[in-house]
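Student: Model the following, please.
(one chain, ligands or ions: 1)
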Amino acid sequence: MPAASNALQDILRGITRTIGASADRGRVADYIPELAGVDPDQFGIAIATADGQLLTAGDAAVPFSIQSVSKVFTLALALGKIGDRLWDRVGREPSGLAFDSILLLEQERGRPRNPFINAGAIVTTDVVLTGSSPREALGAILRFVRDAADDADIHINEAVARSEIATGHRNFALAHYMLSHQNLTNAPDLTLGTYFHHCAIEMTCAQLAMAGRFLIDAPGMPRLISPQRQRRINALMMTCGHYNGSGDFAFRVGLPGKSGVGGGILVIAPGKASIAVWSPGLNAYGNSKLGTEAMEALTTQTGWSVFG
Ligand code: DON
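Tutor: I've put the predicted structure just below:
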């Protein structure tokens, strides 16, 4: 292992030790039994570097529900399908509100603020679904994730998807509201069935860090989208990827990231690395509490930042 990788591996081990000693681990999401039952003491971290290394520590080989982290892949696919026409249907501004808020949707006539709040991701899912069946759309999303990670062993947890469908009343409200403004092409149950299933993809930190490499923008990394699109998705992750906690994440971590309610976060250090961290306990914004603290420690110790 090169000296730089040794140093990085030591940093990961040190962070994992510190996190392991944390008393306050946040609150595990409890809206469905499959998430409520996850052991809050788990913590994993993985870094896929631009020079082809994969470094891991803690529970980096344990699969977890990626939930809203999947919105990054769906956004990339929706942009690939209809390009900048997507922005007629979804905005690019932080909402300053919770991920499942309906408040602005009424004021802004059914056009969600950004593609990472639930309403926005329902629209990107609708775009991917149009012209195909939910099975085909999910096949395309899974194919993209597997290609990005270079790993065929990535699957959807059906039980999670079914629980989400049974309890996702707010998401149904968002979808129907957007339909009333002609901002949904497919039937709400088909679009939401597809949405809930891609949120129910399970990955390990190692797989997720590998999958994020298409956003690093460095030679030798998977080239699934154009460099300009990489930069734009990173910009959206920075400004909107943590909902009403996005400003705080940018302040503390200094890199673009996308969180999920399963406790995972995908973070991109442009030109350098793709990082996945997972700790199931959440903070008040619904983002991983210790995952955020671990990322703050990592960027403090490496000096990685998009701000210089
Ligand atoms: O839409 C939902 O409720 C979930 N399937 C995804 C939400 C989520 O991950 C929010 N992020 N923290």
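Student: From Trp278, how far off is the spatially most central residue of the chain?
Tutor: Averaging the C-alpha coordinates of the chain gives a centre point, and the residue nearest to it by Cα atoms, centre = their mean is Val69 (1.5 Å). Taking Cβ to Cβ, to the nearest Å as the measure, Val69 and Trp278 are separated by 10 Å. Backbone N, C-alpha and C define where each C-beta goes, glycine included.
Student: Between the two, which contacts overlap?
Tutor: Counting by Cβ atoms under 8 Å, 6 or more residues apart in numbering, the contacts common to Val69 and Trp278 are 208, 264-265.
Student: Pipe these into a markdown table and attach secondary structure per row.
Tutor: Shown next, in a markdown table, are the shared contacts of Val69 and Trp278 (DSSP: H, G, I helix; E, B strand; the rest coil):
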| residue | secondary structure |
| --- | --- |
| Leu208 | helix |
| Gly264 | strand |
| Ile265 | strand |
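Student: from memory Ile233 sits against Phe214, does it?
Tutor: No - with contacts counted by Cβ atoms under 8 Å, Ile233 stays clear of Phe214, the gap being 9.3 Å.
Student: where do the contact lists of the two overlap?
Tutor: 76, 225.
Student: Pull up the residues of the stretch 101-250 of the chain that are close to the ligand.
Tutor: Contact residues (Cβ under 6 Å from any ligand atom) of the stretch 101-250 of the chain with the ligand: 118, 164, 171, 199.
Student: ok, which pair from these is furthest apart?
Tutor: Asn118 and Glu164 (11.2 Å; Cβ to Cβ).
Student: What is the host helix or strand of Lys258 packed up against?
Tutor: Element membership for Lys258, per DSSP states H and E: strand 257-259. Counting by 3 or more Cβ pairs under 8 Å, 6 or more residues apart in numbering; DSSP states H and E, the packing neighbours recorded for strand 257-259 are helix 227-240, strand 264-269.
Student: Pull up the pairing partners for the last one, direction included.
Tutor: Taking DSSP bridges as the criterion, strand 264-269 sits next to strand 257-259 (antiparallel), strand 273-278 (antiparallel) in its sheet.
Student: Please list the residues outside the first one that contact it.
Tutor: Same thing as strand 257-259. Identification of contacts with strand 257-259 by Cβ under 8 Å, 6+ apart yields 68-69, 71-72, 116, 237-238, 241-243, 245, 249, 265-268, 286-288, 291, 295.
Student: again, only using 6 Å
Tutor: With Cβ atoms under 6 Å, 6 or more residues apart in numbering as the contact definition, strand 257-259 has outside contacts at 69, 72, 237, 241-242, 249, 265-267, 287.
Student: One more: stretch 143-152?
Tutor: By Cβ under 6 Å, 6+ apart, the residues outside stretch 143-152 that reach it are 73, 77, 154, 207, 210-211, 214, 222.
Student: Which one of these sits in the busiest neighbourhood?
Tutor: Ranked by neighbour count (other Cβ atoms under 10 Å), these have Ala211 at the top, with 29 neighbours.
Student: before we move on, the earlier item: what about the strands paired with strand 264-269, which gets the closest to the ligand?
Tutor: Nearest to the ligand, of all the strands paired with strand 264-269, is strand 257-259, at 5.1 Å by Cβ to the nearest ligand atom.
Student: Tell me, please, where in this structure the pLDDT is lower than the cut-off.
Tutor: Scanning the chain for pLDDT under 70 picks out 1.
Student: quick one, longest helix in it?
Tutor: Ranked by number of residues, the top helix in the chain under DSSP state H is helix 3-20.
Student: now for that helix, which elements pack on it?
Tutor: For helix 3-20, the helices and strands in contact under the criterion 3 or more Cβ pairs under 6 Å, 6 or more residues apart in numbering; DSSP states H and E are strand 54-58, helix 289-302.
Student: Which residue is it, in the stretch 101-250 of the chain, that comes closest to the ligand?
Tutor: Checked against the ligand (Cβ to the nearest ligand atom), the nearest residue in the stretch 101-250 of the chain is Cys199, 3.7 Å away.
Student: mind listing what Pro280 touches?
Tutor: Applying Cβ under 6 Å, 6+ apart, one finds that Pro280 lies in contact with 28, 38, 40, 263.
Student: now the longest helix of the chain against strand 273-278, angle please.
Tutor: 20 degrees (axes from the mean of the first three to the mean of the last three Cα atoms, to 10 degrees).
Student: So what touches the very next helix or strand once past helix 3-20?
Tutor: Helices and strands here follow DSSP H and E; after helix 3-20, the next one along the chain is strand 27-28. Residues from elsewhere that reach strand 27-28, judged by Cβ under 6 Å, 6+ apart: 38, 40, 280-282.
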